[in-house]
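1. The following comprises the amino acid sequence and a computationally predicted model.
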Amino acid sequence: MPSEKDGIMIILSSPSGAGKTTLVKKLSQQDNFEISISHTTRQPRLNENQDEDYFFVSESEFKRLIQNEEFLEYAKVFNNFYGTTRTPVIDRLNKGKNVLFDIDWQGADQIKNKKMDYKLITFFILPPSKEVLYERLSKRHIKDKLIAKERMKQFERDVLHWINYDYVVINNDLNECYLKITNLIDAEKNSGSKDYDLEYIRTHVDKLTS
Ligand code: 5GP
């Protein structure tokens, strides 16, 4: 049973381009919330810093961490490995800190299946429409339209995992989406009433996948 003193685990997943990383950063600015920094074998992007955005490691170092069973979860995403080491997460939770995870559906499934002694809330973030998503991805991969197209195809597969999450939130407006998430976290913590319409989400997913 989760203890009142322990922190909670909050997972945010989304198809690429739904704005999840920005949301996680904004959520981490609240008191007592910290982001779990993942290990990855992918190359750093220009605006990314070692030990802040990720622990960027070689494939052999990543494999050593797997062998040593240091990962709480890990997965291969777009040809690179990504993983969350267990110790820093447990240490924070035991100190009463809430830990935010920016991880994909494979990692979310693994953590869920571990049924750990800490409260877990999972969110899946969706874009308002396929058109908006394509626009966001094209801006991000300005030099390579092929990557944007590939990520759109990936989107169609990733979106199907929405059903395994506690809540699906549509990121039309960043602040609104942020408020929706913080309200749901508060409602979960205090067993309050939740402003959540599953049928609306189901219809939205149908539109995204049609
Ligand atoms: P990016 O390369 O764009 O930073 O991340 C690609 C995908 O990998 C994103 O969906 C991100 O949430 C996911 N990801 C990042 N870190 C982890 C991790 O530690 N574990 C898992 N399973 N996925 C991760």
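-> Yes, it's here. Numbers count the residues shown, from 1 in each chain.
2. what does the chain put close to the ligand?
-> Residues of the chain that fall close to the ligand, judged by C-beta under 6 Å from any ligand atom: 38, 42, 73, 75, 77, 82-84, 102-104, 106-107. To be clear about C-beta, it is placed using only N, CA and C from the backbone, and glycine gets the same treatment.
3. Most neighbours of all these, which one?
-> Greatest neighbour count in the residues of the chain next to the ligand, by other C-beta atoms under 10 Å, goes to I103: 26 neighbours.
4. Isn't that residue up against S13?
-> Yes. Counting by C-beta atoms under 8 Å, I103 touches S13, with 6.3 Å between them.
5. just the strands in the protein please.
-> Using DSSP state E, the strands of the chain run over residues 9-13, 33-35, 39-40, 55-56, 71-77, 80-85, 98-102, 120-126, 167-170.
6. S16 versus I142, what's the distance?
-> 15 Å (C-beta to C-beta, to the nearest Å).
7. More neighbours: these two, which one.
-> Neighbour count, other C-beta under 10 Å: between I142 and S16, S16 has more, with 23 against 9.
8. Which residue ranges of this protein form helices?
-> Along the chain, counting by DSSP state H, helices occupy 20-27, 59-67, 86-94, 105-114, 130-140, 145-158, 174-189, 198-209.
9. Now mean pLDDT and distance to Y167 too, for these, in CSV please.
-> As requested, those are exported to CSV (pLDDT from 0 to 100; distance: least, C-beta to C-beta, whole Å):
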stretch, mean pLDDT, distance to Y167
helix 20-27, 94, 13
helix 59-67, 98, 31
helix 86-94, 97, 20
helix 105-114, 97, 12
helix 130-140, 89, 19
helix 145-158, 88, 17
helix 174-189, 95, 6
helix 198-209, 94, 8
